[in-house]
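*Asks:* structure, please.
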Amino acid sequence: MRGLNRYGPSVVVLIAACVVLLAGPMLVDRLRFAQEQASVQLARLELKNSPLLTQLNNSFQSIARAVEPSVVHITIDRERTTGIFGLQSRPSQGSGWVFDDRGHVVTNFHVIDGASRIEVRFADGLPHKAVLVGGDESTDIAVIRVDSRRVVPISRATGMRVRQGDLVFAFGSPFGFEFSMSSGIVSGHGRQAHLTGDGYENYIQTDAAINPGNSGGPLTNVYGELVGMNMAIAVDPKDPVRSGRFTGVGLAIPLDIIEFVVEQVIAGQPIQRGGLGVDLRDLGEGDEALIRELGVPESGVLITAVLPGSPAQAAGLRSGDVILQVSGESVVKTETFRTMIHNLRPGSVVRMAVWRDRGLQTVDVVLGEWSSIAARNTFDDLGASVQAMTVEELRRAGLSVMSGVRISSVQAGSTADRIGLVADAIVLSIDGASVTSPDEMLRALRPLDLGREVVLEYLDAAGTRRTCTLSTQRN
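*Replies:* Here you go, the predicted structure:
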């Protein structure tokens with residue numbers, strides 16, 4: 001009994017300690033779980049009661065409701081000849097959107113190119129026959145028309161500038177999943193991808209999901225207004241498994257280019273493009289010495305020649321000027337500049353910021369018609385057309401800058417054809433003088449008008465340096 005009295009308290013303490021040791025982790029776990037449950041419930045309550053999230057969610061739904069009636073799913077048949085079966089139809093799909101209340105629908109040229117039958121389906125699921133109005137392959141824009149139903153034109157953000165970081169939404173039928181919607185931001189703009197033959201490219205880059213079937217679908221802003229048209233995705237040629245699938249880099253044609261083309265197509269007019277009449281080249285890597293000599297404070301494009309009688313000459317532009325801005329937009333690449341000018345109508349007045357004699361000047365240019373200006377670079381005596389070369393083309397050919405012009409076409413049976421000039425040959429010099437622009441080549445060939453000979457040095461299509469003598473007999 002004495003032992004129990006002596007050790008009793010110790011035993012009680014020991015038992016209590018054991019209970020705490022055994023029950024403690026369970027209590028701690030229960031407490032932690034209760035706290036976690038409370039935190040989850042609080043977070044759910046805050047999310048449900050968040051007016052900002054509710055407003056954002058409702059806004060996205062409103063964008064879908066505002067845009068969907070203007071989106072169409074396009075199915076076409078292309079006829080192809082097959083061995084013993086003759087003509088067969090091969091169906092393909094794409095997307096489009098309603099341009100106006102007369103039933104004009106805009107899509108990509110490549111979506112309807114070669115179509116023998118065009119059918120569109122609106123969100124109500126009913127199919128309607130469509131006819132081709134016209135298109136412009138160089139910008140990959142086409143117009144079709146639906147006459148069998150009343151339509152809801154999409155709202156367009158005409159005149160609004162798309163900026164990096166803007167929230168955008170892509171609509172279309174990716175992989176045949178009709179009237180889908182995806183979201184993202186404007187990742188960049190002024191992109192070139194060399195997807196069209198004439199290179200009228202100034203694409204919007206977005207990370208909104210674009211996949212096969214989205215081509216021709218609208219790209220809208222947060223107000224449901226059209227800012228561009230889905231066109232293509234960037235693919236990794238080293239990854240054939242993902243080739244043709246969304247990679248986070250989608251390209252869309254900007255609205256200003258679309259409106260410029262579509263309005264002329266609907267009017268039944270040939271596409272008339274503004275022209276300046278200059279030869280240009282980029283200022284970039286490898287041009288540090290020239291940039292220091294010119295004292296150029298920012299990126300721009302260098303005028304290497306001005307065509308006599310051109311709008312550029314009439315406005316006072318000179319060889320050696322560096323164009324920094326056009327209508328307030330910075331100019332970095334010749335391709336971007338070309339697209340800016342060629343997607344304006346002849347007669348448009350363009351204000352340019354030009355760097356000349358280490359100072360900034362403003363020059364207003366009234367644009368001419370590009371095709372008539374370009375025709376001046378066709379040399380009848382030679383039977384060839386030439387183009388100024390970009391810095392990249394010169395580097396690929398292993399040439400220094402300011403050192404050649406490229407033959408773009410050769411007339412069959414012409415002098416150029418007889419001496420072996422072909423498209424993509426590069427004219428280096430005439431009578432020992434370097435040729436750096438079509439304008440210089442025109443001046444160098446003037447002795448032919450007097451019946452004299454000239455010696456032409458060029459690289460053939462294989463890159464072999466050759467020389468030949470040209471002469472013209474006059475009556």
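
*Asks:* how about the strands in the stretch 301-450 of the chain?
*Replies:* Taking DSSP state E, counting those that start in this stretch as the criterion, the stretch 301-450 of the chain carries its strands at 301-306, 322-326, 329-330, 349-356, 359-366, 368-369, 378-379, 384-388, 405-410, 426-430, 433-434.

*Asks:* give me the pLDDT value at the residue nearest the centre of the chain.
*Replies:* Compute the mean C-alpha point of the chain, and by Cα atoms, centre = their mean the closest residue is residue 203, 2.2 Å away. As predicted, residue 203 sits at a pLDDT of 90.

*Asks:* from what I see, it and residue 231 are in contact.
*Replies:* Yes - Residue 203 is within contact range of residue 231, at 7.0 Å (criterion: Cβ atoms under 8 Å). From N, CA and C alone the C-beta is placed, and that goes for glycine too.

*Asks:* which residues are in contact with each of those two?
*Replies:* Contact criterion Cβ atoms under 8 Å, 6 or more residues apart in numbering; residues shared by residue 203 and residue 231: 251, 252, 253.

*Asks:* can you pull up the bridge partners for the residue nearest to the second one when sequence neighbours are not counted?
*Replies:* In this case it means residue 252. Residue nearest to residue 252 in three dimensions, not counting chain neighbours: residue 228, with 3.6 Å by Cβ to Cβ, 6 or more residues apart in numbering. Beta-bridge pairing of residue 228 under DSSP bridges involves residue 219, residue 254.

*Asks:* tell me the contacts of residue 228?
*Replies:* Contacts of residue 228 by Cβ under 8 Å, 6+ apart are 162, 168, 204, 218, 219, 252, 253, 254, 255, 258.

*Asks:* how does it look with 7 Å?
*Replies:* 204, 219, 252, 253, 254, 255 (Cβ atoms under 7 Å, 6 or more residues apart in numbering).

*Asks:* could you dump those to a markdown table with distance to residue 328?
*Replies:* As requested, these are exported to a markdown table (distance: Cβ to Cβ, whole Å):
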| residue | distance to residue 328 |
| --- | --- |
| 204 | 18 |
| 219 | 23 |
| 252 | 22 |
| 253 | 21 |
| 254 | 16 |
| 255 | 17 |
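
*Asks:* scan those residues and report the most crowded one.
*Replies:* When neighbours are taken as other Cβ atoms under 10 Å, the top entry among the contacts of residue 228 is residue 219 (30 neighbours).

*Asks:* could you check how far that one is from residue 98?
*Replies:* 15 Å (Cβ to Cβ, to the nearest Å).

*Asks:* next one: residue 91
*Replies:* Taking Cβ to Cβ, one finds residue 91 at 23 Å from residue 98.

*Asks:* give me the more crowded residue out of the two.
*Replies:* Using other Cβ under 10 Å as the criterion, residue 91 and residue 98 rank with residue 98 on top: 22 against 10.

*Asks:* may I ask which helix or strand of this protein has the lowest mean pLDDT?
*Replies:* Confidence across the helices and strands of the chain bottoms out at strand 378-379, with a mean of 56, counting by mean pLDDT, DSSP states H and E.

*Asks:* that older thread, okay, the residue nearest to residue 252: pLDDT?
*Replies:* 96.

*Asks:* next, format the shared contacts of residue 203 and residue 231 as JSON lines and append pLDDT.
*Replies:* Output for the shared contacts of residue 203 and residue 231, formatted as JSON lines (pLDDT from 0 to 100):
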{"residue": "251", "pLDDT": "93"}
{"residue": "252", "pLDDT": "95"}
{"residue": "253", "pLDDT": "94"}
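
*Asks:* residue 38: which of those residues is nearest?
*Replies:* Nearest to residue 38, judged by Cβ to Cβ, of the shared contacts of residue 203 and residue 231 is residue 252 at 46.6 Å.

*Asks:* wait, that closest one touches residue 203, no?
*Replies:* Yes - here residue 252 lies in contact with residue 203, judged by Cβ atoms under 7 Å, at a distance of 6.3 Å.

*Asks:* identify the contacts common to those two.
*Replies:* Joint contacts of residue 252 and residue 203 (Cβ under 7 Å, 6+ apart) are residue 231.

*Asks:* could you find the closest non-adjacent residue to residue 133?
*Replies:* The shortest distance from residue 133 to any non-neighbouring residue, by Cβ to Cβ, 6+ apart, is to residue 143 (4.2 Å).

*Asks:* is the one you found bridged to anything, and to what?
*Replies:* residue 106, residue 134.

*Asks:* where does residue 54 sit, in terms of helix or strand?
*Replies:* In this structure, residue 54 sits in helix 51-67 according to DSSP states H and E.

*Asks:* contact partners of that helix?
*Replies:* Residues outside helix 51-67 that contact it (Cβ under 7 Å, 6+ apart) are 47, 154, 169, 171, 181, 218, 220, 224.

*Asks:* now, which of these lie within helices?
*Replies:* If you go by DSSP state H, these have residue 47 in helices.

*Asks:* among the contacts of helix 51-67, name the buried ones.
*Replies:* 154, 169, 171, 181, 218, 220, 224 (16 or more other Cβ atoms under 10 Å).

*Asks:* need these in TSV (columns: pLDDT and distance to residue 342).
*Replies:* Shown next, in TSV, are the buried ones among the contacts of helix 51-67 (pLDDT from 0 to 100; distance: Cβ to Cβ, whole Å):
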residue	pLDDT	distance to residue 342
154	97	25
169	97	29
171	97	28
181	96	33
218	97	24
220	97	26
224	96	30
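
*Asks:* ok, residue 149 - how many residues close by?
*Replies:* Counted with other Cβ under 10 Å, residue 149 comes out at 11.

*Asks:* state the pLDDT value of residue 22.
*Replies:* pLDDT, read off for residue 22, is 63.

*Asks:* how close does residue 115 get to residue 75?
*Replies:* Taking Cβ to Cβ, one finds residue 115 at 10 Å from residue 75.

*Asks:* in contact with residue 190, which residues?
*Replies:* Contact analysis of residue 190 by Cβ under 7 Å, 6+ apart lists 202, 336.

*Asks:* mind checking the SS state of it?
*Replies:* With DSSP: H, G, I helix; E, B strand; the rest coil as the basis, the three-state label of residue 190 is strand.

*Asks:* per-residue confidence at it?
*Replies:* We note a pLDDT of 77 for residue 190 in this prediction.

*Asks:* quick one: it from residue 202, how far?
*Replies:* Distance of residue 190 to residue 202, computed by Cβ to Cβ: 6 Å.

*Asks:* quickly list what's touching both of the two.
*Replies:* residue 336.

*Asks:* could you pull out the helices for the stretch 51-200 of the chain?
*Replies:* 51-67, 109-112 (DSSP state H, counting those that start in this stretch).

*Asks:* quick one: closest of those helices to residue 346.
*Replies:* Nearest of the helices of the stretch 51-200 of the chain (Cβ to Cβ): helix 109-112, 22.7 Å.

*Asks:* and the closest one, how far out from the chain's middle?
*Replies:* 16 Å (Cα atoms, centre = their mean, to the nearest Å).

*Asks:* give me the mean pLDDT for that helix.
*Replies:* 93.
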